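> Quick one, fold the following:
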Amino acid sequence: MKHFSEISATAERVVDAAESLIQERGYNGFSYDDVAKLVGIKKPSIHHHFATKGELAAVVAQRYTHRFKESLLQIEGHHVKAQDRLTAYADLFEKTFSTNKHLCVCGMLGAESSSLPDLVNHEVERFFDVNVDWLTHIAQDGQRAGQLLSVLSPEGIAETYLSILEGAMIVGRGMQKGTGPSHVASHFLKALTIA
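Next comes the predicted model:
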């Protein structure tokens with residue numbers, strides 16, 4: 001499988017189109033024909049860059065995880081307190097959701113994991129591992145600093161918070177509500193934060 005950093009400009013446009021389609025419809029809801037129409041190229045050209053749909057989706061997830069990791073570093077560089085970092089983290093999900101109620105790429109793919117190729121599931125698992133590890137670290141720091149309650153373990157906070165945000169996107173889309181992940185996250189953080 002190609003690494004996202006090694007792909008051509010045309011292949012990157014293909015990845016951009018596939019990412020948007022995954023966020024709207026999921027892996028099983030789009031075809032190479034859909035991608036070709038969005039990019040304005042012929043279907044064989046897509047196969048030239050990505051032999052299989054699984055390879056394409058894996059590169060989409062790989063690049064998405066990389067961008068997310070960069071955003072996590074920016075959060076750490078701009079915020080010191082755990083609750084501020086957790087609020088900024090929720091804003092990443094809100095930003096995605098505010099674009100036509102798009103869902104997280106890896107959340108969408110995770111929902112379809114039983115029908116995905118192994119290479120896609122591997123990249124999805126890596127995304128969730130990165131996020132749970134980062135959130136666990138932030139929760140540990142917040143509890144040590146007396147900013148967050150210790151009613152849940154740091155790992156419990158991490159998994160619960162990530163699940164809340166992914167779920168808020170799905171419920172927000174399903175209920176056609178304007179409120180998204182940030183709204184739900186603020187309630188969780190109020191219950192978790194030491195005044």
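> Contact partners for the residue positioned nearest the centre of the chain?
Closest to where the C-alpha atoms of the chain average out (Cα atoms, centre = their mean) is residue 104, at 4.1 Å. By Cβ atoms under 8 Å, 6 or more residues apart in numbering, the residues touching residue 104 are 23, 93, 96, 166, 169. C-beta: built from backbone N, CA, C; applies to glycine.
> Quick check: residue 128 vs residue 146, distance?
29 Å (Cβ to Cβ, to the nearest Å).
> Of those two, which one has the most company?
residue 128 (16 against 10; other Cβ atoms under 10 Å).
> pretty sure that one contacts residue 109?
No - proximity of residue 128 to residue 109 does not meet the contact threshold set by Cβ atoms under 8 Å, at 10.3 Å.
> Show the low-confidence segments of the protein, by residue range.
177-178 (pLDDT under 70).
> Going by residue numbers, what spans are helices in it?
Secondary structure of the chain (DSSP state H): helices at 9-25, 32-39, 43-49, 53-78, 82-97, 105-111, 118-144, 154-174, 181-192.
> Of those helices, which stretch is the most buried?
Mean neighbour count (mean count of other Cβ atoms under 10 Å) peaks for helix 105-111 among the helices of the chain, with a mean of 22.
> can you pull the contacts of residue 75?
85, 88, 89.
> Go through these and name the one nearest residue 179.
residue 89 (17.4 Å; Cβ to Cβ).
> That closest one and residue 134: what is the separation?
8 Å.
> Mind listing the shared neighbours of the two?
residue 72.
> Mind exporting the C-alpha coordinates of stretch 128-142 to CSV?
The C-alpha coordinates for stretch 128-142 follow below in CSV (Å, rounded to 0.1, in the frame of the first residue of the first chain):
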residue,chain,number,x,y,z
PHE,A,128,-8.8,5.1,17.5
ASP,A,129,-5.6,4.0,19.3
VAL,A,130,-4.0,7.4,18.6
ASN,A,131,-7.0,9.2,20.0
VAL,A,132,-7.5,7.0,23.1
ASP,A,133,-3.8,7.2,23.9
TRP,A,134,-3.8,11.0,23.6
LEU,A,135,-7.0,11.5,25.6
THR,A,136,-5.7,9.1,28.3
HIS,A,137,-2.6,11.2,28.6
ILE,A,138,-4.7,14.5,28.8
ALA,A,139,-7.0,12.9,31.4
GLN,A,140,-4.0,11.7,33.5
ASP,A,141,-2.5,15.2,33.5
GLY,A,142,-5.8,16.8,34.4
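> and that stretch, how far out from the chain's middle?
Distance of stretch 128-142 from the chain centroid (Cα atoms, centre = their mean, to the nearest Å) equals 15 Å.
> How about residues contacting that stretch?
So stretch 128-142 is contacted by 65, 68-69, 72, 81-83, 85-86, 89, 106, 110, 148, 152, 154-155, 157-159, 161-162 (Cβ under 8 Å, 6+ apart).
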